[in-house]
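> next comes the sequence, and after it the predicted model I'd like to discuss.
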Amino acid sequence: IMYDSTLKSSTYQEVMRPLIEDVSSVVENGVSYKGKIFPVRLAALQGDGLERASMSGMCATFSAVSFFDPLSYVSTKTRINCKKVEDLATEVEDRRTPDTYEDDLLSLRRRERQEAAMKTAGTLAKSKANLKPKHYYSRGLKFASPWNEVPYYHVVARGSLIYCISHDLYSGIFRTDMARIMLSLANHNCYSWTDLQSKFRRKRLDLKGDDRQGWYDIIAPKPQFKQLPGNHGCNHLIIRFFSTLFISRPPNSKLFKTTAWELYLVLKRIAELVSAKIVSDRNKDELSSRIKEYLK
């Protein structure tokens, strides 16, 4: 955990240097226990979006780059404009490799040398337009990842960088799409907004333990409601318990016949699979199919 002030005064490489040196030492020397030396290697790193970008040497300002994924060459343009899951999947399969990573670093250094030469010659302001757009030339890469200095490890090798899918979903699409679902149901007169706010306030009384403590019972007025109000844990609880707010509705209620409700049920199932304590091939396959169903 690093404070913003620390990263403003020091680069990511400088901040992580002591830790990387310690990890490298353990990998090189192993761990001694009862007279025996056990080999150790760095298997994987995990972090949220900003931390993954730093670990990979990527630019953290995702909206400013043409390529944003640390593991593949899926482009920002495709992410924004794609109409089908298949359009996105094709570029996702174009994976970054240690070799392409080095190619991107060469492009990065070439541009830096070119810019330095222009600056020395006093022509940078006039000639900068001739350079490729910032961060495009390196396909999102901004600096060499210091983690690649750890023996037998590379940030783009398969399995070396693990996405925190749950974090990404609850801070991203779940947070905004669940809000859209709630608004859509209100717009279809399935409930009044004031009634929904009242249900959220009363729901806390039905919950116990951590669920009661984590429940976020303040829903903004409808015109200001753009996303779920709480943190990731609160958002999980809202998705999990939202259906129980309407348990007294008859099966033929128009609420259950809306597209928004169908979308909510798929979203809820994805949340259950992502948050499951047991990971199995069956759950993984269902998660993949549910996500494709949701995107369609």
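Happy to help now that I have it.

> make it CA atoms for all contacts and neighbour counts henceforth
OK.

> and L228, how far is that from R249?
For L228, the distance to R249 equals 24 Å [Cα to Cα, to the nearest Å].

> more neighbours: the two, which one.
A side-by-side neighbour count of L228 and R249, using other Cα atoms under 10 Å, places L228 first with 24 against 12.

> can you confirm that one is in a strand?
No: under DSSP: H, G, I helix; E, B strand; the rest coil, L228 sits outside any strand and is assigned coil.

> for it, what are its contacts?
R175, T176, M178, A179, N235 (Cα atoms under 8 Å, 6 or more residues apart in numbering).

> looks to me like I37 is in a helix.
No: applying three-state DSSP, one finds I37 to be strand, outside a helix.

> what's the pLDDT at the residue nearest to it when sequence neighbours are not counted?
In space, and not counting its chain neighbours, I37 is closest to V31: 5.4 Å by Cα to Cα, 6 or more residues apart in numbering. V31 carries a pLDDT score of 94 in this model.

> and Y3, by the same measure?
If you check Y3, the pLDDT there is 65.

> centroid-nearest residue for this structure?
D168 (3.4 Å; Cα atoms, centre = their mean).

> look up how far T100 lies from that residue.
Applying Cα to Cα to D168 and T100 gives a distance of 26 Å.

> D281: neighbouring residues, count only.
Residues lying near D281 (other Cα under 10 Å) number 8.

> how about the contacts made by it?
Taking Cα under 8 Å, 6+ apart, we find D281 in contact with no residue.

> kindly report the same for the one 4 residues further on.
Contact analysis of D285 by Cα under 8 Å, 6+ apart lists nothing.

> convert the helix or strand encompassing it to PDB, retaining C-alpha atoms only.
Element membership of D285, judged by DSSP states H and E, is helix 281-295. Extracted C-alpha coordinates of helix 281-295, given in PDB (Å, rounded to 0.1, in the frame of the first residue of the first chain):
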ATOM      1  CA  ASP A 281     -14.000 -26.100 -13.900                       C
ATOM      2  CA  ARG A 282     -17.800 -26.200 -13.900                       C
ATOM      3  CA  ASN A 283     -18.000 -22.800 -12.200                       C
ATOM      4  CA  LYS A 284     -15.300 -21.400 -14.500                       C
ATOM      5  CA  ASP A 285     -17.200 -22.600 -17.600                       C
ATOM      6  CA  GLU A 286     -20.500 -21.200 -16.300                       C
ATOM      7  CA  LEU A 287     -18.900 -17.900 -15.500                       C
ATOM      8  CA  SER A 288     -17.500 -17.600 -19.100                       C
ATOM      9  CA  SER A 289     -20.900 -18.400 -20.600                       C
ATOM     10  CA  ARG A 290     -22.800 -16.100 -18.200                       C
ATOM     11  CA  ILE A 291     -20.500 -13.200 -19.000                       C
ATOM     12  CA  LYS A 292     -21.000 -13.700 -22.800                       C
ATOM     13  CA  GLU A 293     -24.800 -13.900 -22.200                       C
ATOM     14  CA  TYR A 294     -24.700 -10.700 -20.200                       C
ATOM     15  CA  LEU A 295     -22.700  -8.800 -22.900                       C
END
